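Enquirer: Fold the following.
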Amino acid sequence: MKDEDIRLDPTALLSPVPVAMVSCRDMDSGKTNIITLAWIGVACSEPPTISAAISPKRHSYEIIRASGEFVVNLVDKGLAESCDYCGVRSGRDVDKFQACGLEPIPAEGMKYAPAIAQSPLSLSCRVVRIVEIGSHDLFLGEVVGIRTASRLMDESGRLRLDQADLVAFNHGEYFALGNCLGFFGFSVARPKVLSRRMPGLKREKHFD
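Expert: Next up, the predicted model:
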């Protein structure tokens, strides 16, 4: 360890992380709810599986556990304030869809959980496993359906999430994603490919 480094106590300080608005519906009452999660990620590619860490204290915990469903709604700049609100208010006390002026819409493959119409992209997830860890339980949900805003599909049929104005969570604060620095494999891409994919980009290092 270098002299200028500082030791910190162990904590889950992985940053930045994606922030998502996770929607669900109570099977008995039919009431919808939204929980904001920053501890969420990709767990597996085949089958496509999302991991979501949820505290048993949260209102959505039992709803998702009982229904076996949840929908991960990506957050853009237009949803940032609603996203924060849904993270600091409980569904026990307020209808978050109504309070935020959001529209619940049917989510493909879901019997109960709705998607958020205003989200640029929503992933329908069916719970396949719940892992008890400690303060949070890890819900593993297989992705069984996806909907996206038509504005994010280009003429060739390519999904352009780089144009979705997505938001990330960094140590207690929300940030809009910035400039693209490269693409997967750009460090070893042939010059012709590099100039086609990212015109004007100059690599600082040259790897064999």
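Enquirer: Helices of this protein, start to end?
Expert: Here the chain has its helices, by DSSP state H, at 59-67, 80-88, 96-100, 191-197.
Enquirer: Can you spell out which helices and strands pack onto the first one?
Expert: Read that as helix 59-67. strand 20-25, strand 32-37, strand 48-54, strand 121-132, strand 137-148 (3 or more CB pairs under 8 Å, 6 or more residues apart in numbering; DSSP states H and E). Yep, even glycine has a C-beta here, placed from its N, CA and C like the rest.
Enquirer: just how off-centre is the first one within its chain?
Expert: It refers to strand 20-25. With CA atoms, centre = their mean, to the nearest Å as the basis, strand 20-25 stands 10 Å off its chain's centre.
Enquirer: Report the mean per-residue pLDDT for it.
Expert: For strand 20-25, mean pLDDT rounds to 98.
Enquirer: Please pull out the lowest mean pLDDT helix or strand from this protein.
Expert: Ranked by mean pLDDT, DSSP states H and E, the weakest helix or strand in the chain is helix 191-197, scoring a mean of 88.
Enquirer: Specify the beta-bridge partners of the residue nearest to P56 when sequence neighbours are not counted.
Expert: With CB to CB, 6 or more residues apart in numbering as the criterion, P56 has its nearest non-adjacent residue at 6.4 Å, and that residue is D137. Assessed by DSSP bridges, D137 has beta-bridge partners I54, E132.
Enquirer: residues contacting D137?
Expert: A53, I54, S55, P56, Y61, I130, V131 (CB atoms under 8 Å, 6 or more residues apart in numbering).
Enquirer: ok, those residues vs F175, which is closest?
Expert: A53 (20.6 Å; CB to CB).
Enquirer: looking at it, the closest one is touching H136, isn't it?
Expert: Yes - if you go by CB atoms under 8 Å, A53 and H136 touch, sitting 4.2 Å apart.
Enquirer: Can you get me a residue count around R190?
Expert: R190 has 8 neighbours, counted by other CB atoms under 10 Å.
Enquirer: Kind regards, and thank you for your time.
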